[in-house]
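**Q** One predicted model, sequence on top.
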Amino acid sequence: MLEKNPVIFIILAFLVIMVGTTVTMIVPFKWINGPGDLIAGVKPYTPLQQEGRDIYMREGCNNCHSQTVRTLAADVERYGYGGTYSKSGEFVYDRPFLWGSRRTGPDLAHIGLKFPDPMGAWHRKHLENPQSVVPASNMPSYAFLNQPLDTTYTERKMKLLKFPYTQGDLDEVKGKTEMDAIVAYMRKLGTDIPIKKAEAATQPTGNLKNPYSDLKGVKAEALSLFAKDCAVCHGENRQGNIGPSLRGSAKSDAELFAIISNGRGGMPSFGSSLDEQKIWKMVTLIKLGKHDD
Amino acid sequence: MNAPTRYIDDSVKGFIIWSIIWGTVAVLVGILISLQLVWPQLNVAPYLTYGRLRPIHTNAGIFGWGIGSFIGLFFYITQRLTRTPLWSPGLARLTLWLFNIGIASAAVSLAMGYNRTKEYAELEWPLAIVVAIIWVLFSINVFMTILKRREEQMYISLWYIMAALVGVTVLYVINNLGVPLNFFKSYSIFAGTNDANVQWWYGHNAVAMVLTAPPLAIFYYYLPKVTGNPIFSHRMGIIAFWSLIFMYLWTGAHHLLWTPVPDWIQTLAMAFSIMLIAPSWGAVFNGYLTMNGQWEQMKTNYLVKFLICGITFYGLQTLQGPMQAIRTFSAFIHYTDWVPGHVHMGALGWVSMVLFAAIYYTVAKMYDTDIYSVKLADTHFWLVLVGQLVYSITMWVAGVQQGSMLLATNPDGTLHYSFMETMIAIFPYYKMRAVSGFIYLAGLVVFIYNIYKTAEKGNTQLSRASQP
């Protein structure tokens, strides 16, 4: 019968595929993005941020960058930037979602927490010429984003997405470049969620003296830490780039410790990711590592 | 009894030719973006950047090569299995025009940056509507031919075809729902985690309804045709069919393990992915057992090589896929190059191998001749096989290496490698992957030449025969 009546067959096939569809795709609408998911601090995008998000989509950034920090220790450590793993409530204003499926580049869900610099100097330099801050990067140059932002549809976008905005928000967009917009979007990502506070105190606890007076013993470890956390701003060889040169410093050990631990200006804090011993080793490297090593 | 049915094959030819052209575009763009991942300076202009080209690669492959050839071959198969001429040849010609206009506009619009970003549903709404229209026109033509059929029994291939007709329609329409901003942009009606869940319900079942059901329909039709053996078990075909289309729809969230999608959806997806091994291997065994006592055809019949190799990759694909759907393993390889390795085994090994066999057989039939050169077909076979294996194996190794580096921690819990260290480690594999693309392309060139010469030979014979 089934193999003889195509009409009944096709109706039955439709019903069969709708079972799993209903349970795993339709029923979850009842909970996902419901009150249980909401996070109080998460705000909709401003006009400039939404324009930046649209440029992110236009350039297909999602083909290389994911936007979900998984509930894995290594993911949280690498991409959480103090904001732990991603939660549903962080994405309630995202149409479409931009979680991606491949990390040819790092995850960007919380990238806004990484660089506190309000000008986004690092992002600009990196987008214009990725290899100038990360020499081995295979990311394309996006210098062409330094062109005026088309704001024709900005207000209509906000209305369509039902995001609140003021005339001031709309005026802010005028005269901006596409680069300004995408940097504004990058700076927003992950910044609305409660973050883990830096555990280290402003001043080193206990022994105020740097325990490492000799560079030799700490150099290898300090250089490898430098390559991971500092090189993107202070240059591969500590020659300075977005941040100042770190080949020697006139600052006191305690001062340097405080800057690394708490951050300053555009510099992020490392108090929660580096322990006290590691920070002292970095201080020693900065103070004593003067040459092209 | 009846006079032999006059089958109408001009649109079959058209779709096959154009699907080969779009397939070649997919491979060429694939090679270009594989080189861009090694040498970023190859991103020479905004519309030629990796982010804009990668969707062109996937869309040309899935929609141009995959769906294009399926439409052509389904017009061919359906007529034969129903012993009925195509319901509307005019509609078929219109579908071909729309198809080519649609794919060409898709490529241009993606290069211009009109991109919804949802994978395999990137096209903005006007083009998404064109795609839906193409599919519906094609579906009506096939379904009406089946309705008016002169052969009462519907063979397994027709079930898979019909499941694909309804499945693709439902998936594509729902995942493309959006609110237009203007002619060039729209926003998804789903937000955040909901949008992710809908997308991967779509994404994974596009694999079911586009890259599994249609090639299975083709496999089930051509294997008996090519070997002269009837399919081993009709009953196993029935069981495998219904369980396959039932189970597939539960598994989308295995693309979203460890993300904010609710855990129970992830767990269901994981469980159903494992269960899917059974119906998938039902088809594999049906293929293998059909060859019982006839295995020497692997040596003597070049088409059997393509088909059996194809179904073998399907079997491997449907073992590897469920493995990747397990949380612990996903944690390790997801977001790495392992996944492109997996996908290309399916696309280049399974789907394309079966399509090559079907196209060789169909073109020779339609031009009423034999293949121009079996030797070239063998060369083609080995080139695409080696190209695909080099691609997949290098990407699996790269994925395992990068995956373990990304997860490696020091005794104090901090990360052992920076992100860039993991990238530098896999750049050599990227170079090998680009080489594999060139090997595959060489195979494709041999294939195109062989098909062209076969058609030419058929035309010459025809004009000679018609001379007095």
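**A** In hand now; what should we look at? Numbers count the residues shown, from 1 in each chain, chains lettered A, B, ... in the order given.
**Q** Distance check, residue B:90 against chain A.
**A** Noted for residue B:90: a distance of 22 Å to chain A, by Cβ to the nearest Cβ, to the nearest Å. In short, each C-beta sits where N, CA and C put it, glycine included.
**Q** In terms of pLDDT, where does that residue sit?
**A** Here the pLDDT value assigned to residue B:90 is 97.
**Q** Could you pull up the contacting residues of residue 288?
**A** No chain was given, so I picked chain A. Going by Cβ atoms under 8 Å, 6 or more residues apart in numbering or on different chains, residue A:288 touches A:215, A:248.
**Q** hmm, I had chain B in mind actually
**A** Contact analysis of residue B:288 by Cβ under 8 Å, 6+ apart lists B:308, B:311.
**Q** Output the below-cut-off pLDDT ranges for the stretch 101-250 of chain A.
**A** Scanning the stretch 101-250 of chain A for pLDDT under 70 picks out A:196-208.
**Q** near chain B, which residues of it show up?
**A** A:101-104, A:106, A:130-131, A:134, A:136-141, A:144, A:153, A:156-157, A:160-161, A:227-228 (Cβ under 8 Å from any Cβ of the partner chain).
**Q** and with 6 Å instead?
**A** When proximity is defined as Cβ under 6 Å from any Cβ of the partner chain, the stretch 101-250 of chain A approaches chain B at A:102, A:103, A:106, A:136, A:138, A:140, A:144, A:153, A:160, A:228.
**Q** And those, which of them are buried?
**A** Burial by neighbour count, judged by 16 or more other Cβ atoms under 10 Å in any protein chain shown, picks out A:102, A:103, A:106, A:138, A:140, A:160, A:228 from these.
**Q** Not counting sequence-adjacent ones, nearest residue to the fifth one?
**A** Just to be clear, that refers to residue A:140. Distances taken as Cβ to Cβ, 6 or more residues apart in numbering or on different chains place residue B:43 nearest to residue A:140, at 3.4 Å, with adjacent residues excluded.
**Q** which residues touch the residue nearest to the spatial centre of chain A?
**A** In chain A, the residue lying closest to the centroid (Cα atoms, centre = their mean) is residue A:111, at 0.8 Å. Residue A:111 makes contact with A:186, A:189, according to Cβ atoms under 6 Å, 6 or more residues apart in numbering or on different chains.
**Q** And it, its phi and psi?
**A** phi -60, psi -30 (degrees, to the nearest 10).
**Q** Any figure for the gap between it and residue A:120?
**A** Separation of residue A:111 from residue A:120 (Cβ to Cβ, to the nearest Å): 11 Å.
**Q** re earlier: and the furthest pair within the residues of the stretch 101-250 of chain A next to chain B?
**A** A:160 and A:228 (42.1 Å; Cβ to Cβ).
**Q** care to break chain A down by domain?
**A** Recorded structural domains for chain A (assignment: automatic domain parsing) are A:47-188, A:215-288.
**Q** Mean neighbour count, the ones you listed: which tops it?
**A** Stretch with highest mean neighbour count among the domains of chain A: domain A:47-188 (a mean of 20; mean count of other Cβ atoms under 10 Å in any protein chain shown).
**Q** chain center to it: distance?
**A** On the basis of Cα atoms, centre = their mean, to the nearest Å, domain A:47-188 sits 8 Å off its chain's mean C-alpha point.
**Q** Span of that domain from start to end?
**A** 12 Å (Cα to Cα, to the nearest Å).
**Q** that older thread, just give me the closest of the buried ones among the residues of the stretch 101-250 of chain A next to chain B to residue B:217.
**A** Nearest to residue B:217 among these: residue A:102, at 30.3 Å, using Cβ to Cβ.
**Q** Return the set of residues that bridge with that closest one.
**A** Beta-bridge pairing for residue A:102 (DSSP bridges): residue B:335.
**Q** any idea of the pLDDT on the nearest residue to residue B:166 once chain neighbours are set aside?
**A** What sits nearest to residue B:166 in space, not counting adjacent residues and going by Cβ to Cβ, 6+ apart, is residue A:14, at 5.0 Å. Looking at residue A:14, its pLDDT stands at 97.
**Q** Compute the number of surrounding residues for residue A:14.
**A** Residues within reach of residue A:14, counting by other Cβ atoms under 10 Å in any protein chain shown, total 17.
**Q** secondary structure class for it?
**A** Applying DSSP: H, G, I helix; E, B strand; the rest coil to residue A:14 yields a three-state assignment of helix.
**Q** and it, how far is that from residue B:171?
**A** In terms of Cβ to Cβ, residue A:14 sits 12 Å off from residue B:171.
**Q** next one: residue A:277
**A** Distance from residue A:277 to residue B:171, by Cβ to Cβ: 55 Å.
**Q** Likewise for residue B:460?
**A** Counting by Cβ to Cβ - residue B:460 and residue B:171 are separated by 44 Å.
**Q** tell me which parts of the stretch 151-300 of chain B are close to chain A?
**A** B:152-154, B:162-163, B:166-167, B:179, B:181, B:187-188, B:191-196, B:201, B:245-246, B:249-250, B:258-260, B:265, B:268.
**Q** Out of the residues you listed, which sit inside helices?
**A** Here DSSP state H is the test, and those give B:162-163, B:166-167, B:192-196, B:201, B:245-246, B:265, B:268 as lying in helices.
**Q** circling back to that earlier point, more neighbours, residue B:460 and residue B:171?
**A** residue B:171 (26 against 12).
**Q** That one reaches residue B:204, doesn't it?
**A** No: the criterion here is Cβ atoms under 6 Å, and residue B:171 misses it with residue B:204 at 9.6 Å.
**Q** In contact with residue B:40, which residues?
**A** Contacts of residue B:40 (Cβ under 6 Å, 6+ apart): A:138, A:140.
**Q** what about 8 Å?
**A** A:130, A:131, A:137, A:138, A:139, A:140, A:141.
**Q** Same question for residue B:346.
**A** Taking Cβ under 8 Å, 6+ apart as the test, what residue B:346 contacts is B:207, B:211, B:313, B:314, B:317.
**Q** Let me see the ranges of the strands in chain B.
**A** For chain B, applying DSSP state E gives strands covering B:178-182, B:185-188.
**Q** Just give me how far the last one sits from the chain centre.
**A** Centroid displacement of strand B:185-188 relative to its chain, using Cα atoms, centre = their mean, is 27 Å.
**Q** counting contacts, what elements does that strand pack onto?
**A** Applying 3 or more Cβ pairs under 8 Å, 6 or more residues apart in numbering or on different chains; DSSP states H and E, one finds that strand B:185-188 makes contact with strand B:178-182.
**Q** List the strands paired with the strand it packs on, with their directions.
**A** By DSSP bridges, strand B:178-182 pairs with strand B:185-188 (antiparallel).
**Q** Name the residues of the partner strand that are buried.
**A** Using 16+ other Cβ under 10 Å as the test for burial, strand B:185-188 gives B:185, B:186, B:187, B:188.
**Q** Could I get the contacting residues of residue 176?
**A** Let's take chain A. Residues in contact with residue A:176 (Cβ under 8 Å, 6+ apart) are A:48, A:51, A:148, A:149, A:151.
**Q** could you do chain B instead?
**A** Taking Cβ under 8 Å, 6+ apart, one finds B:116, B:121, B:125, B:128, B:132 in contact with residue B:176.
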